[in-house]
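**Q** here you go, sequence then predicted model.
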Amino acid sequence: MALLVALFIVVPIVELYLIIQVGQAIGVVPTLVLLLADAILGSLLLRQQGRSAWQRFNTALNERRFPAQEVADGLMIAVGGTLLLTPGFVTDIFGLLLLIPPTRAVMRRLLRGFLGKRFLVVNIGSRVAGGPGPSAGDPRPNGRTYDFDGTAEEIDADDPRLPG
């Protein structure tokens, strides 16, 4: 929480400082033109990369595979586009880094490492090794024990149906 507050205070101050410094170095009008050109080029790159990510997302769904990489790319493209449309040079640099595919791959790897330590990913499409397999007369398809129909019910911790 404190990090977000600091970012909302520090980043605009740094952006204003850099805009003023660039304006003093090259002039006010060229600085404004540079910021406008940056926003226009960023929006074009955002549209192109966003369309490409959307196509890859749909391809993954058509191939019946989980679109984890495509969702991560889409999120980074949205954040990068937002940063590029925000006036300022620091946010433009970070936005550009999120829109370029090679740096997005590096960011995706860092994000996977960061989130991998905080979340447990479960694949419901396969059984645990050594778990109950299909037996003769088992009504479940392939002997799988997950609940597709939503027939699970919540029970108390002291319920006798729970294993010891």
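**A** Everything's here; your move. Residues are numbered from 1 along each chain as shown.

**Q** next structured bit after the longest helix along the chain?
**A** Longest helix in the chain, counting residues (DSSP state H): helix 28-62. As assigned by DSSP states H and E, the chain's next helix or strand after helix 28-62 is helix 68-85.

**Q** buried residues, that following helix. List them.
**A** By neighbour count on 16 or more other CB atoms under 10 Å, the buried set for helix 68-85 is 69, 70, 72, 73, 74, 76, 77, 80, 81, 83, 84, 85. C-beta: built from backbone N, CA, C; applies to glycine.

**Q** as JSON lines, those residues with pLDDT would be great.
**A** As requested, the buried residues of helix 68-85 are exported to JSON lines (pLDDT from 0 to 100):
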{"residue": "69", "pLDDT": "86"}
{"residue": "70", "pLDDT": "88"}
{"residue": "72", "pLDDT": "88"}
{"residue": "73", "pLDDT": "90"}
{"residue": "74", "pLDDT": "90"}
{"residue": "76", "pLDDT": "92"}
{"residue": "77", "pLDDT": "91"}
{"residue": "80", "pLDDT": "91"}
{"residue": "81", "pLDDT": "89"}
{"residue": "83", "pLDDT": "90"}
{"residue": "84", "pLDDT": "88"}
{"residue": "85", "pLDDT": "85"}
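
**Q** quick check: buried residues in the longest helix of the chain?
**A** In helix 28-62, counting by 16+ other CB under 10 Å, buried: 31, 34, 35, 38, 42, 45, 46, 49, 50, 53, 57, 60.

**Q** sketch out the low-pLDDT regions of this protein for me.
**A** 120-155, 162, 164 (pLDDT under 70).

**Q** any idea which residue sits dead centre in it?
**A** residue 72 (3.3 Å; CA atoms, centre = their mean).

**Q** chain center to the longest helix of the chain: distance?
**A** Distance of helix 28-62 from the chain centroid (CA atoms, centre = their mean, to the nearest Å) equals 17 Å.

**Q** no further queries at this time; thank you.
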